[in-house]
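Trainee: I need the structure of the sequence given here:
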Amino acid sequence: MNVVLIIIDTLRQDHVGCYGNKWIKTPYLDSLTKESVLFTHAYPESLPTLQVRRVLQTGCHIFPFIGHKASRGNLFIGSPGWGPISEERDTITEILQQHGYRTAFITDTYHQFKPSMNFHRGFDEWVWIRGQEHDPYRSGPAPPEEEIENHIPENLRTKLRGSGKIEKFGNYTDFVGKYLTNVADRHCEEDYFPAQVFKAATNWLERNQDADKFFLVVDSFDPHEPWDPPKSYRKLYDADNDTIDFLSSLYGPVDQLSSRVLKRLRANYAGEITLVDRWLGYFIEKMRNLGLMENTLIALISDHGHCIGEYNIVGKQGHPMSREICDLVLIIRHPEAEGASTTCDSLIYNFDLPATILARLGIEPEKPMDGKDIWPLALGKGKEIYDHVTCGWGPFVMVRDRHYWYNAYLWGESPLLYDLEADPKLEKNIAQEYPHICERMKDLAIADAGGKVPEFLRKLKGEPGCTPLLVE
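Mentor: Below you'll find the predicted structure:
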C-alpha cells in the first residue's frame with residue numbers, strides 16, 4: 001500500500017464545507033471526505049509551523065521543548081521548538097525508506113529549508129517551490145512603491161506590524177515588497193503556489209509509476225498569508241472593487257483595519273482556501289486516473305488556523321489560543337474504504353498520525369513513538385485514548401477535555417476558561433468563577449510537561465509567539 005500525506009498550512013476547520021461551513025467553496029475536500037474518516041477533535045501537540053512538522057515526521061511530542069536552542073539564520077523569538085528534527089529521532093520517512101518505499105517531498109513551506117533545517121531527511125527526491133512570503137528567493141528588482149502601497153492600508157504603510165514590539169517581522173512595506181518581488185513573474189492561475197505544489201506532485205506520480213510502493217508528502221503553505229488569490233476566487237466572496245487587497249496578517253489588533261478592509265481580507269483568505277481546494281482536486285483526479293486510489297492511503301491534515309478578527313486579533317498566537325487556531329482538519333482515506341463517510345469525535349493528537357500510518361502498513365518502528373494508532377477509534381472498535389489534550393506554544397498551553405477549554409501560562413497565570421457545552425465559541429471567560437477547574441487543567445498541563453515547569457519557559461513570559469500579548 002502506498003501512502004500520500006498532505007499537509008495544508010493555516011487551514012481553519014470552521015472554513016471547510018465538510019466541517020459545516022456554508023459559505024466557502026471546498027468541493028474537492030468535501031468529496032474526499034465522503035470516502036474517508038473525518039476527525040472532528042484532532043489537535044496539535046505544539047505550535048506553530050515547524051513544531052507541527054517535527055511531530056508529523058517523528059510521531060513524538062516536543063512540548064515542553066526541553067533542549068531547545070536557536071539555530072543560525074532561523075531565530076524565532078518566543079517559539080521554542082522551532083528548529084530542526086532531532087538527530088535522536090527516526091522519521092516516518094526514514095523508516096519507510098528503509099522498508100523499500102520510494103519517498104518524495106514536495107512543498108513551498110520555505111521554513112523547512114532555512115539554514116540549519118533538515119526536514120528533507122529520508123527523501124529520495126525533494127522539491128522546494130520557492131518564493132512564499134519573505135523567502136529570500138529573489139533579491140530584486142523591487143516593485144514600484146505605488147504597487148506596494150496598493151496592498152497596504154494607508155495607516156499601516158510606515159507602521160511596524162502589530163504593536164511595533166515584534167521587530168523581527170519588519171514593516172508591512174518590506175513584507176509586501178519582498179513578496180511581490182518573489183512573484184513578479186506570475187501571470188496566470190497555474191503560476192500561483194497551490195497550482196505549482198499540486199502540479200509538481202502530480203508530475204511526480206506520473207514519473208514514478210514504476211515504484212513498487214511509495215510515500216509522498218505534499219505540503220502546501222497556502223492558505224497561509226500573503227492572501228492574494230486570483231481575482232476570480234476573491235470575487236466569489238467579495239465581488240466589489242472598492243477597496244485595497246491587503247495581503248498580510250496584522251499579527252496585532254484588528255481595530256487597525258476598517259470594516260471594509262477586514263471584509264476583503266476575509267474574502268481573500270476564503271479565496272485562497274478555494275484555490276487550494278481546486279488544485280487538491282486536480283491532484284486527486286490524477287491519482288484516480290492513474291489507478292492509485294485503490295492501493296494508496298491518503299491522510300490530509302492542517303497545522304493550525306488563524307484569527308481574522310476574532311478576539312480583536314488578526315493573527316495566530318499562544319494567548320488566546322482559540323479554536324480558530326487549534327481545531328485541526330484531519331481526513332484519512334483508506335483504499336479499502338474502511339470507515340468511509342464516517343466521523344470520529346475522539347480527542348486525538350497530530351503526532352498520532354505517523355503511528356497510525358505505520359500500523360496500517362504492518363511496520364513496527366525500532367524506536368517507540370509517543371503517538372498512538374487511532375484507526376481502531378476511527379472504526380468505532382477501540383477505547384478512548386485521551387481524556388484531554390494539551391498544546392504548547394512557547395510559555396502558553398491550551399488544555400481541553402470534553403467539557404472545558406483552558407488557556408494560560410503553563411504555571412497558571414492569565415487563565416482563560418470556557419465551558420464548551422454552554423459556550424462552544426469561547427465567548428465568555430469563566431476562569432474567575434471556577435478557579436478549581438483552572439487549577440485542575442493547569443495540573444494536567446504540567447503533568448504533560450513532565451511534572452514541572454521548565455525555568456526557561458518562565459523567562460519567556462510576555463512572548464505569546466507571532467502576535468503581541470493582548471489579553472492579560
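
Trainee: from Asp212, how far out is Asp101?
Mentor: Check again: residue 101 is Tyr, not Asp. 8 Å (CB to CB, to the nearest Å). For every residue, glycine as well, the C-beta is placed using N, CA and C.

Trainee: pLDDT score for Gly382?
Mentor: Listed pLDDT for Gly382 reads 88.

Trainee: can you pull the contacts of Phe246?
Mentor: If you count contacts by CB atoms under 8 Å, 6 or more residues apart in numbering, Phe246 has them with His151, Ile152, Pro153, Leu257, Val261, Arg264, Leu265, Asn268.

Trainee: again, only using 6 Å
Mentor: Counting by CB atoms under 6 Å, 6 or more residues apart in numbering, Phe246 makes contact with Val261, Leu265.

Trainee: where does Leu280 fall, phi/psi-wise?
Mentor: Leu280 adopts backbone torsions of phi -60, psi -40, taken as degrees, to the nearest 10.

Trainee: count the neighbours of the closest residue in space to it that isn't next to it in sequence for me.
Mentor: Excluding the flanking residues, the one nearest Leu280 by CB to CB, 6 or more residues apart in numbering is Tyr28, at 5.3 Å. By other CB atoms under 10 Å, 20 other residues sit near Tyr28.

Trainee: just the element for Tyr28, please.
Mentor: helix 27-33 (DSSP states H and E).

Trainee: now the closest residue to Tyr237 other than its chain neighbours: how far from Asn350?
Mentor: Nearest residue to Tyr237 in three dimensions, chain neighbours excluded: Ala267, at 3.8 Å (CB to CB, 6+ apart). Ala267 sits at a distance of 29 Å from Asn350 (criterion: CB to CB).

Trainee: quick one: end-to-end length of stretch 328-338, please.
Mentor: For stretch 328-338, the first-to-last residue distance is 22 Å (CA to CA, to the nearest Å).

Trainee: roughly how far is that stretch from the heart of the chain?
Mentor: Using CA atoms, centre = their mean, to the nearest Å, the distance from the centre of stretch 328-338 to the centre of the chain it belongs to is 18 Å.

Trainee: which residues in the stretch 101-250 of the chain form strands?
Mentor: 102-107, 125-128, 214-220 (DSSP state E, counting those that start in this stretch).

Trainee: can you redo the ones you listed as JSON lines with mean neighbour count and mean pLDDT?
Mentor: JSON lines is the format used below for those (neighbours: other CB atoms under 10 Å; pLDDT from 0 to 100):
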{"stretch": "strand 102-107", "mean neighbour count": "23", "mean pLDDT": "98"}
{"stretch": "strand 125-128", "mean neighbour count": "17", "mean pLDDT": "98"}
{"stretch": "strand 214-220", "mean neighbour count": "24", "mean pLDDT": "99"}
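
Trainee: hey, where'd the helices end up in this protein?
Mentor: Secondary structure of the chain (DSSP state H): helices at 27-33, 49-58, 92-98, 145-149, 172-182, 193-207, 231-234, 259-289, 323-326, 352-360, 375-378, 435-448, 455-458.

Trainee: give the buried residues for the first one.
Mentor: Translated: helix 27-33. By neighbour count on 16 or more other CB atoms under 10 Å, the buried set for helix 27-33 is Tyr28, Leu29, Asp30, Leu32, Thr33.

Trainee: and for it, what's in contact with it?
Mentor: Here helix 27-33 makes contact (CB under 6 Å, 6+ apart) with Val16, Gly17, Cys18, Asp277, Leu280, Gly281, Ile331.

Trainee: which one of those residues sits closest to Gly67?
Mentor: Ile331 (33.3 Å; CB to CB).

Trainee: and the gap between that closest one and Ile24?
Mentor: 16 Å.

Trainee: ok, now Leu297?
Mentor: The value you get for Leu297 to Ile24, if CB to CB is used, is 27 Å.

Trainee: so which of Ala267 and Asn350 has more stuff around it?
Mentor: Asn350 (28 against 23).

Trainee: report pLDDT for that one.
Mentor: At Asn350, the model reports a pLDDT of 98.

Trainee: cool, Phe169 as well?
Mentor: Phe169 is given a pLDDT of 36.

Trainee: report how many residues lie close to the residue nearest to Gln51 when sequence neighbours are not counted.
Mentor: Using CB to CB, 6+ apart and skipping the chain neighbours, the partner closest in space to Gln51 is Gly81 (4.3 Å). Neighbours of Gly81 under the rule other CB under 10 Å: 25.

Trainee: correct me, but Gly81 touches His61?
Mentor: No: in terms of CB atoms under 6 Å, Gly81 does not count as a neighbour of His61; the distance is 9.8 Å.

Trainee: joint contacts of these two?
Mentor: By CB under 6 Å, 6+ apart, no residue touches both Gly81 and His61.

Trainee: any weak-confidence spans in this structure?
Mentor: Under the criterion pLDDT under 70, the flagged ranges of the chain are 74-78, 158-170, 464, 468-472.

Trainee: next, count neighbours for Leu47.
Mentor: 29.

Trainee: my guess is Ile106 contacts Val127. True?
Mentor: Yes: with contact defined as CB under 6 Å, Ile106 reaches Val127; the gap is 4.6 Å.

Trainee: joint contacts of these two?
Mentor: In contact with both Ile106 and Val127: Ala200, using CB under 6 Å, 6+ apart.

Trainee: give me the most central residue, this protein.
Mentor: When CA atoms, centre = their mean is applied to the chain, the residue found nearest the centroid is Asp303 (2.1 Å).
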